[in-house]
Structure formats: structure tokens, C-alpha cells
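[1] got a predicted structure plus its sequence, pasted below:
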Amino acid sequence: MAENFLVPVINKLFDLLTEEVKLSKRVLKQVKSLQKELEFIQPLLKHAEAKLENGETRDVMQVWLKQVREEANRIEEIIAEYLYFVEAKQNHLESGCSSCFSKVCGFVKDLKQRHDIALKIRDVKDSLREIKDRGQGYGLRPLEQGSSSTTANAEAPVDPRLGSLFIDKDELVGIERESEEIIRKLVEGSPTRLVISLVGQGGIGKTTLAKKVYDDDLVKGHFELYAWITVSQSYSLKKLLMNMKKQICTSERGMEGIDNEAEQIQDLRNILEAKRYLVVFDDVWKQEFWGVIKSALPNNNKGSRILITTRNVVVANSSPCDLVQLQTWCPSLAWELFCKKAFQSEFQGRCPQDLEHLSREIVNKCQGLPLAIATVAGLLSTKEKVELEWRRLLDDLASESEMNSQLNSILQILSLSYYDLPSPLKSCFLYFGIFPEDYSISDERLYRLWIAEGFIKARREMTLEEVAEAYLNELIQRNLVTSSQSLSFGEGKFYGVHDLMHDVILSRSNEVCFSQTFDGNESRFRGAGRRLRMSGSIDNVLKIVGDSTIRSVFFSNIDDQLTKSFFVTLFKKFKFLEVMDFERVPLNTLPKEVGNLFQLKYLSLRYTKVKILPKSIRNLHKLQSLDIRETLIREIPVEINELRNLRHLLAYTLNESSFDYLDGVKMHEGLEILEELQTLTLLEAHHGRVGLVKELEKLRKLRWLEVSKLTSETWRGVCASIQNMDHLQRLGLFANDENEVLDLQYISSPPRFLQDLILIGQLQNLPDTISKFRNLRGLYLSFSWLIDDPCKWLKQLSSLEILKLVRGAFVGEELHFEKGGFEKLKDLRLGELDGLKHIEIDEGALPALEILLLKKCPLMKEAPSVKHLRMLKHFEIDERRIWN
């Protein structure tokens with residue numbers, strides 16, 4: 001993370017250089033020189049972070065990093081102030097109210113501004129040069145790519161995972177089934193060499209499970225040679241090979257005289273070739289590790305086995321392997337382990353009744369993570385068994401983790417995953433700390449925020465959103481982020497982090513001044529960070545937070561009714577804001593002063609009571625995302641059409657009295673100029689001329705489009721437009737009322753990447769056209785008034801994962817799911833189908849179905865037979881849950 005805070009600064013300098021027409025020669029020279037100085041310092045920051053990670057000269061490194069960070073913040077301030085001045089001047093000129101005298105004054109002011117920026121940059125550059133020299137005096141040097149983060153003469157830090165290798169048998173709880181299964185894989189099966197990978201987040205028990213298996217008598221008796229190798233993040237291949245040789249070699253001959261790694265590998269192959277061997281590689285981090293080490297492990301057809309533990313799915317899949325994904329423990333196992341550890345010498349290992357409620361809260365805090373449960377319980381075993389001690393640990397578990405050496409080991413182990421992240425991903429990961437504990441955020445919202453923050457840089461033939469998705473997927477594969485909700489329409493998936501990982505994030509965020517939280521308690525406010533989340537009572541926050549460096553503002557669980565003057569002051573105090581998230585804030589009016597936030601890229605008013613967008617929004621030329629869902633805004637001012645950088649416009653409100661349950665927004669003609677737009681939902685079509693709908697064909701980058709209030713005339717216009725949208729992935733088309741007909745023959749060539757389709761209204765020609773939508777992942781039909789069983793045609797959609805037929809989508813009596821169709825369907829929801837009497841599911845049909853929901857089908861007298869649905873996890877009828 002250390003070097004990462006310089007990346008956006010360097011990028012902003014680069015952006016400034018690309019617009020060098022705005023800069024004088026003097027300023028241009030200073031900016032170029034400053035950029036070079038920062039690029040020279042950047043590799044020193046990597047070495048400084050490596051020293052921090054290994055505990056070397058920690059206090060000195062923290063001070064040095066703080067100095068660099070302060071100068072980086074100064075640079076951002078200078079750039080922001082200058083760009084703000086340029087934007088304000090441009091808006092003033094565009095207003096057409098400049099007299100000759102004011103133009104002369106503006107010219108003089110412009111010269112002074114350029115002179116000032118040159119002086120400020122030179123001053124920062126001199127400070128950076130001193131800081132750089134100081135860092136080199138501390139021994140900082142650019143690290144070679146792939147070199148060890150530990151300095152040559154430094155003592156290697158103690159591995160906090162060491163305790164996992166030496167756990168008493170009576171402390172092993174809850175891993176019997178997994179260990180038996182892995183032992184079976186080791187001693188049975190094909191004689192071909194087999195790789196087994198144990199994958200899971202830090203603290204899940206991978207090393208403990210592997211060591212239990214490795215030490216098992218059956219395993220020891222089955223293999224002729226065996227070795228346990230701890231790899232970790234930084235390793236020497238030569239030392240690793242020597243360690244293997246020492247463990248497996250029965251003779252005295254070692255590798256001390258062999259310097260060539262190729263000779264070491266050949267020597268190991270010669271030894272292993274004729275033996276049945278087992279090698280465990282514990283704690284593997286690098287994807288390329290297997291590509292090297294496999295050469296030393298011959299496939300000798302003697303039943304040899306390799307066992308790997310890793311936190312990263314990608315690392316596990318770097319070798320053809322049998323992958324075992326370890327999950328967090330269920331509540332009953334978590335409770336058993338807690339009691340066994342916390343009351344190991346008292347109460348026969350059982351929790352006394354007066355402590356049970358608090359104990360269960362503590363166990364819930366650990367969220368099924370064995371390391372956390374065992375460590376917390378071990379700490380409590382040394383405490384007096386009274387409510388006061390239990391309550392003290394529960395109330396302040398996060399701060400206790402920092403103060404207590406036992407609990408600190410948890411954070412150390414979990415932090416290893418953070419330190420292993422590439423720099424761009426560290427900022428993305430720390431972003432989860434802005435939101436409260438146990439908070440889930442949609443992937444789409446994350447992408448928009450990361451892009452607005454400047455974390456995401458374009459790659460060839462990929463949009464910023466696609467790069468952001470790749471970043472999130474890597475965090476998931478590294479078991480740092482987990483999905484908290486199933487597939488859905490419109491919002492994508494929701495994601496969060498483990499509570500203890502949230503503590504790690506907050507700790508790292510404080511170290512690097514990433515974000516800060518104000519909850520109404522002035523004494524707890526540290527006042528450092530570029531991002532500010534406000535919660536609770538915040539009427540005095542603007543007096544306390546006197547920092548103009550704030551770039552992002554979030555609100556959550558606000559107690560006060562905020563006034564217009566509060567926001568006017570906020571906009572004036574934090575005039576360089578780039579992200580402003582007002583979701584669920586008690587806000588009735590958006591002041592026109594929002595138009596002075598010239599750097600703003602992200603604005604969310606979701607779940608507020610705002611009715612009107614001010615015309616001053618035209619000044620937000622850098623705005624990328626505007627979210628006004630679930631507000632009272634029904635019409636967007638024509639000024640929105642001036643925002644050429646707008647990528648996402650989200651605007652709809654649930655309305656149960658409406659035909660389609662949704663209210664969209666009216667827009668004015670001229671939206672064709674918004675060529676960067678990727679999201680447009682929900683546009684009302686009926687009020688305007690057909691020309692508005694035809695303008696959609698100019699928006700070739702759209703990926704998510706929803707249009708409501710469609711008539712037969714506007715329907716044909718929309719169908720013609722969407723056939724030109726090569727990138728469209730999500731489409732919603734809603735008729736004006738239940739009598740309007742949506743004739744699918746007008747969509748003669750659907751967008752080839754279309755994945756989700758929502759159709760609300762009477763459908764014509766469904767059987768003849770549905771096969772053209774062959775890539776659909778999700779389909780939602782409502783008020784379709786289909787008489788014939790649609791399963792006969794829908795089963796042609798071989799990629800379909802979600803199917804929702806609701807509110808008059810089907811008016812027949814029987815739905816028949818035949819064998820051979822819907823092979824990938826995971827989620828089936830049927831509701832308000834007044835004529836439906838029977839659902840027939842053939843044996844072998846719906847082989848992947850996980851969720852089946854039936855709601856308000858009054859003529860159905862009996863539930864469908866689901867005995868053949870082996871993957872079914874959730875079965876519900878009229879909100880009565882039935883488990884398979």
C-alpha cells in the first residue's frame with residue numbers, strides 16, 4: 001500500500017501534462033520535474049513497506065512514510081486548486097456575462113495563479129528531494145522484482161502460523177470428516193501422481209488440517225518418503241530444495257556442494273523416482289511456484305501425492321489438482337471448539353449458564369473462523385469466569401486484538417493476505433473499511449466507486465468496469481471477499497468481508513490515512529484520511545473536521561435532520577470532492593451549490609426525498625455516476641445532456657400502484673450526446689416524441705438499458721435502437737399498460753452479449769423468437785398472458801440460470817419441466833399465476849436447481865415433487881420454507 005498512494009498523484013500529474021496548453025512553460029517544466037521525482041521515490045516506498053511488514057525500524061519507517069504522504073497530499077491540493085480555478089473560469093466564460101474589464105482582471109488572475117502553482121510545486125519538489133535523501137540514509141533501496149522483502153541481515157520474523165503445527169489432539173475439533181476424506185485421497189485411488197489443494201481464507205484451518213493428515217499413522221505407513229515444506233510469501237528455491245532433500249534422504253549425502261538449482265532438482269528426482277512419496281507444501285502464495293517445483297516431483301506411477309495449502313484459488317488451479325475448498329464452521333462446531341478451549345480446566349468443558357449468552361455473542365463475532373474462535377477462547381480461559389471479563393472482551397474485541405499478543409496473532413495472520421496484494425488491489429480492498437461491519441455492497445456500486453476514486457486504470461480492449469470486475473474477482477479468489485447474496489436482477493451480487501478482516505482493514509487504513517469515521521464522538525475521531533464516513537449525530541462535524549483534503553464523503557445511520565445550510569457549508573468546505581454518497585440521508589433538497597463541486601465524479605442520492613435536480617448540475621463536467629433511485633425525482637433537467645463524461649444514470653422508484661411496479665424518469669431530447677453512457681435505467685418513453693427513443697441508437701456503449709411506458713410506436717423504435725447496441729448485457733422493456741403488446745419479431749437480431757432480459761407486457765411471437773436469445777442468463781416475464789406452457793420454448797435457452805414468471809406471465813394450468821432442458825437453471829421463482837394448478841418436474845430435469853420459490857398460486861392444491869432435485873437448497877411456498 002505504501003507506494004500505492006503515489007499512483008493517483010502521478011496519474012494526476014500526467015493528466016495535467018496532457019492538457020499542457022493550460023500551463024505556462026515555467027509551470028510545465030516544474031510539473032515534469034516533479035513527476036520524475038515521484039517516480040524515483042516510488043520504488044523506495046516498496047522497500048519501506050517491506051521493512052514495516054517485517055517489523056524492521058518500524059517507528060522510523062512510519063515517520064518517513066508519513067512525510068512522503070504529506071507531500072503527496074500537498075501535490076494533490078495544488079493540482080485540485082489549480083483545476084478548480086480553471087473550471088470556475090470556464091464556467092464563468094460560458095455564462096456569457098464577462099465584460100471587457102472582467103476579462104482583463106481574469107487574465108491577470110490567471111497569470112498569478114500559474115505563477116503561484118510553479119512556486120508551490122518547486123517547494124514540494126525540494127521537500128521531496130530532502131525526504132528521498134533521508135530515506136536512502138535509512139538504507140532504503142529500490143527492491144528487485146520478486147526479491148525477498150526481508151533485508152539480508154535482518155532476523156527473519158517469527159511465523160505467526162507456527163502454532164498451527166503443534167496442536168494437541170484433544171484440541172482438534174470439527175475436522176474429522178475432512179481429514180478422513182483427504183486421507184482416503186492420499187492412500188487410495190490411481191497410482192498416478194495426484195495433487196490435492198486445500199484452499200480457504202487465512203485462519204480457516206488449512207495448516208492444522210494438513211498437519212493432522214500428515215501425522216496420521218495410516219499415512220505414515222503408506223508412504224516410503226515424506227516431507228513437510230513451509231513455503232510462505234518469500235522463499236529461496238535453493239533452500240527449499242535443500243530442506244526437501246534433508247527430510248527425504250536416508251543417506252548422509254546432502255546438497256551443500258550443489259549450487260545449481262537444476263542439479264538440485266535432478267538430484268531430488270533421482271531419489272524420488274523409485275519411491276512412493278508424500279510432500280506437503282504449506283502456505284503457497286505464488287502462482288508460478290508449481291511451474292518450478294513440479295520438475296522435482298516425478299510422476300512415477302507409484303501412488304505418490306502432493307498436498308498444497310493456499311489462500312488463493314488461482315494458485316491452487318495453477319496445477320491440475322483435486323481442490324478442497326474449506327468453509328467457515330457451522331454454529332454447532334464453533335460452539336464446541338469455543339467451550340473446549342475456554343473452559344478446558346473448569347466446568348467439565350461446558351459453558352456455565354450465566355455466561356452462555358455473552359459466550360454465544362463472542363462466538364458469533366468470530367463468524368465460524370477456527371483461528372479466531374480458538375484464540376479468543378484461549379484468552380478467555382485465562383480470565384476470571386465472570387460477566388465483566390466476558391463483556392469487556394466483547395465490547396472492544398477489535399482494540400483488544402491490538403493490545404493483546406494472543407489476539408494480535410490473528411490480525412498478523414490475516415494481514416499476510418493484505419500484504420500479498422498487488423498495489424492497485426490494496427486500495428480496492430481497503431474500501432470495504434469505509435462501510436460499517438457486516439455491510440454488504442453490490443458489485444456494480446463498488447465498480448462505480450472504485451472508478452471514481454481513480455483506482456481502476458483501463459486495459460486494452462477492456463472497459464474500466466470490466467477491469468474493476470477483474471479486481472473484485474481476484475479478491476474473491478484470494479478468499480478476502482465473500483458473496484453474501486445470491487444471483488438477482490438489477491443489482492448483481494452483494495459482497496462483504498469477515499468481521500475480523502474488517503478489523504484488519506481498519507488497522508491498515510489508519511496506518512496509511514486511507515479513511516476516517518466520525519460517529520458524533522469527538523474524542524474518538526482521529527481526523528486523518530482522504531475519505532470520510534459520517535454516522536450518528538453529526539451536527540457539529542463540519543466544525544471538527546477542518547480538513548480540506550477530504551475527497552470522498554459517505555453517510556450512514558444519520559440521527560439528525562440535516563439542513564440546507566449544512567450542505568452548503570459542506571460543499572464550500574470540501575470543494576474538491578470527487579465522491580459524494582448521500583444514500584439514506586434525511587435530505588429533502590439538493591442545494592444549487594452542488595454545481596460548484598467541479599471535481600465531482602460520483603453522486604448518489606438514493607433513498608433520499610430529493611424532488612428536483614438543480615440546473616447547476618450542468619457544471620459537473622467530470623461526473624461519471626448519478627444514482628437517484630428511490631428518490632422523488634420524476635424529471636431530469638435538460639442540463640444533464642451537457643455531462644459528456646456521464647457513464648451511469650440510475651433512476652427508478654418502486655411504486656406498487658403502478659402497472660409495472662416502477663416509476664422511471666422523464667428526460668429531454670438531446671441525450672444522444674451522452675456517448676459514454678453505459679447504464680440508463682429507467683427511462684420513461686410515453687411522454688415524449690419517438691425522436692427521444694430513436695436517440696438511443698447513438699448510445700453504442702450501453703450495457704444496461706431499461707425503458708418503460710412503451711406504446712406500440714415507441715416499442716418499434718426501441719427495438720430498432722437496441723439492435724445497434726453491441727455491448728448490451730442487461731435489458732428491461734416495460735409496456736405502458738397491460739393492454740399494450742410487445743411484439744418480439746421486431747427484435748430480429750438481439751445483442752449478442754445480452755444476459756438478462758426483463759419483459760413486462762403482452763408478448764407476441766415468443767415461440768418463434770426466443771431461440772435468438774441464446775446467451776440469456778436471466779429471464780423475467782410479467783403480464784405476458786401466455787396460454788401455452790412456455791417451458792416448451794424456454795428450455796432452448798441453454799445458458800439460463802434464473803427464471804421468474806410472475807403476475808400473469810402464464811395463465812395456463814400446468815408447467816412441465818422435462819428432462820434435458822434447463823440444464824443450468826439455479827433459481828426458479830413463480831408468483832401470482834392465478835390459473836396454475838400443477839407443476840410437473842421429470843426425473844433428471846432441473847439438475848442444477850438450488851432455489852425454488854412459489855408464491856400466490858391459489859389453484860395449486862399440492863406442492864410439486866422435488867425428490868429428484870439433488871442440488872436444491874431452498875424451497876419455499878408462500879413464504880413457508882421447506883428444506884429439501
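    Cool, the structure landed.
[2] what ranges of the stretch 251-400 of the chain fall below the confidence cut-off?
    Low-confidence segments of the stretch 251-400 of the chain (pLDDT under 70): 251-259, 396-400.
[3] again with the stretch 451-600 of the chain
    Counting by pLDDT under 70, the ranges of the stretch 451-600 of the chain that qualify are 485-491, 520-528, 546-548.
[4] what ranges does it have for its strands?
    For the stretch 451-600 of the chain, the strands defined by DSSP state E, counting those that start in this stretch cover 482-483, 494-496, 515-518, 531-536, 552-558, 579-581.
[5] kindly state the beta-bridge partners for Leu852.
    For Leu852, the beta-bridge partners are Leu828, Phe875 (DSSP bridges).
[6] again with Leu779
    Per DSSP bridges, the residues bridged to Leu779 are Leu757, Leu803.
[7] of the strands of the stretch 451-600 of the chain, which is nearest Gln723?
    Minimum separation from Gln723 across the strands of the stretch 451-600 of the chain (CB to CB) falls at strand 494-496, 32.4 Å. The way it works is simple: take the backbone N, C-alpha and C, and place the C-beta from them, glycine included.
[8] helices or strands up against that closest one?
    strand 441-442, helix 443-453, strand 482-483 (3 or more CB pairs under 8 Å, 6 or more residues apart in numbering; DSSP states H and E).
[9] wait, doesn't Ala80 sit right on Phe576?
    Yes: here Ala80 reaches Phe576: they are 4.2 Å apart, a contact under CB atoms under 8 Å.
[10] hey, what's in contact with both of these two?
    Gln599 (CB atoms under 8 Å, 6 or more residues apart in numbering).
[11] let me have the strands of the stretch 451-600 of the chain in TSV, extended by distance to Leu52 and mean neighbour count.
    Shown next, in TSV, are the strands of the stretch 451-600 of the chain (distance: least, CB to CB, whole Å; neighbours: other CB atoms under 10 Å):
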stretch	distance to Leu52	mean neighbour count
strand 482-483	27	14
strand 494-496	27	19
strand 515-518	19	22
strand 531-536	22	20
strand 552-558	25	19
strand 579-581	28	23
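[12] would CSV of these with distance to Arg644 be doable?
    Output for these, formatted as CSV (distance: least, CB to CB, whole Å):
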stretch, distance to Arg644
strand 482-483, 35
strand 494-496, 31
strand 515-518, 30
strand 531-536, 27
strand 552-558, 23
strand 579-581, 20
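[13] out of these, flag the one nearest Leu671.
    Leu671 sits nearest to strand 579-581 of all the strands of the stretch 451-600 of the chain, at 23.2 Å, using CB to CB.
[14] C-terminal to the closest one, what's the next element?
    Per DSSP states H and E, the first helix or strand lying C-terminal to strand 579-581 is strand 602-604.
[15] helices or strands up against that next one?
    helix 443-453, strand 579-581, strand 625-627.
[16] kindly recompute the last result at 10 Å.
    Packing contacts for strand 602-604, counted by 3 or more CB pairs under 10 Å, 6 or more residues apart in numbering; DSSP states H and E, involve helix 443-453, strand 552-558, strand 579-581, strand 625-627.
[17] of all these, which lies closest to Pro847?
    helix 443-453 (27.1 Å).
[18] how far away from the center of its chain is that closest one?
    Remark: helix 443-453 is offset 9 Å from the chain centroid, using CA atoms, centre = their mean, to the nearest Å.
[19] can you check stretch 460-479 too?
    Its chain's C-alpha centre and that of stretch 460-479 lie 9 Å apart, by CA atoms, centre = their mean.
[20] equivalent analysis for stretch 801-812, please.
    On CA atoms, centre = their mean, the centre of stretch 801-812 falls 32 Å from the chain's centre.
[21] can I get the CA coordinates of it in PDB?
    C-alpha atoms of stretch 801-812 as PDB (Å, rounded to 0.1, in the frame of the first residue of the first chain):
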ATOM      1  CA  GLU A 801     -29.600 -19.600 -14.700                       C
ATOM      2  CA  ILE A 802     -32.600 -17.500 -13.400                       C
ATOM      3  CA  LEU A 803     -36.200 -17.700 -14.500                       C
ATOM      4  CA  LYS A 804     -39.000 -15.600 -12.900                       C
ATOM      5  CA  LEU A 805     -42.600 -16.000 -14.200                       C
ATOM      6  CA  VAL A 806     -44.800 -13.600 -12.100                       C
ATOM      7  CA  ARG A 807     -48.100 -11.600 -12.200                       C
ATOM      8  CA  GLY A 808     -49.900 -13.100 -15.200                       C
ATOM      9  CA  ALA A 809     -46.800 -14.200 -17.100                       C
ATOM     10  CA  PHE A 810     -48.600 -17.500 -17.600                       C
ATOM     11  CA  VAL A 811     -52.400 -18.100 -17.500                       C
ATOM     12  CA  GLY A 812     -52.500 -21.800 -18.300                       C
END
